[in-house]
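In: let's see this in three dimensions:
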Amino acid sequence: MTFEKTRNTIVRGMAAAFVVPTLMLASGTASASTDDIVTIANANIGNHACDTNSAGGQGYNSSCTGANGSPENWCADFAEWVWAQAGYNVDGLTPAAGSFGQYGAGLHSDPQVGDAVVFNYDGNSYADHVAIVTAVNPDGTIESIGGNEGDVSDPSTSTVNHQGPYSGAVGYSSYWNQTINGYVSPTN
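Out: Got it, this is the predicted structure:
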């Protein structure tokens, strides 16, 4: 077997390793876990709004349906997509980051792995950004993965990025100089 065929076989096998568990979770044959959230979010780092995602589809929910087929601001699309792929209930979430502030039991101040961290939430329906908490460190800092990060002025060039560690305290955050208003946990 040539090097190129071997490499392609390995790459296809790695892709299947992400797709099969994701499909099993989406069909309800396995239970949801926060480890699944982190694995799925990590598998999409570096992707743009309309790239092929780790489940083999294009983009993340409605991330490619902005004006003239260009990407919209898609941080909420990404976070919702990750939770859904991990087997969580995403009823009530929309492409608006603020919908996370109204989801489930609402915002709380104690970050947990798998939670969504909500930034600059107005307490009603608007927030500037949402990302997925992927680590809570002993010193109170957190790490996150979010969609539409990088050059957010142009959603077509922004990507899925890992950020942190940064303070996980509710209040002003060095993360893009925004306020963390709280965390919301996914529901089954």
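
In: which ones are touching residue 83?
Out: 37, 90, 93, 116, 186 (Cβ atoms under 8 Å, 6 or more residues apart in numbering). In short, each C-beta sits where N, CA and C put it, glycine included.

In: so where's this structure shaky on pLDDT?
Out: Within the chain, the segments meeting pLDDT under 70 span 1-30, 66-70.

In: direction included, what does the helix or strand harbouring residue 118 pair up with?
Out: According to DSSP states H and E, residue 118 maps onto strand 116-119. Using DSSP bridges, strand 116-119 pairs in its sheet with strand 129-136 (antiparallel), strand 178-184 (antiparallel).

In: which residues of the chain fall in helices?
Out: 3-26, 34-42, 75-85 (DSSP state H).

In: count of neighbours near the spatially closest residue to residue 31 that is not a sequence neighbour?
Out: Ranked by Cβ to Cβ, 6 or more residues apart in numbering and with sequence neighbours excluded, the top spatial neighbour of residue 31 is residue 87, at 6.8 Å. Residue 87 has 22 neighbours, counted by other Cβ atoms under 10 Å.

In: pretty sure residue 43 contacts residue 54?
Out: Yes: Residue 43 lies in contact with residue 54 (Cβ atoms under 8 Å); the separation is 3.8 Å.

In: ok, those two, which is more surrounded?
Out: Using other Cβ under 10 Å as the criterion, residue 43 and residue 54 rank with residue 54 on top: 24 against 21.

In: wait, which of the strands paired with strand 116-119 is closest to residue 102?
Out: Nearest to residue 102, of all those, is strand 178-184, at 8.8 Å by Cβ to Cβ.
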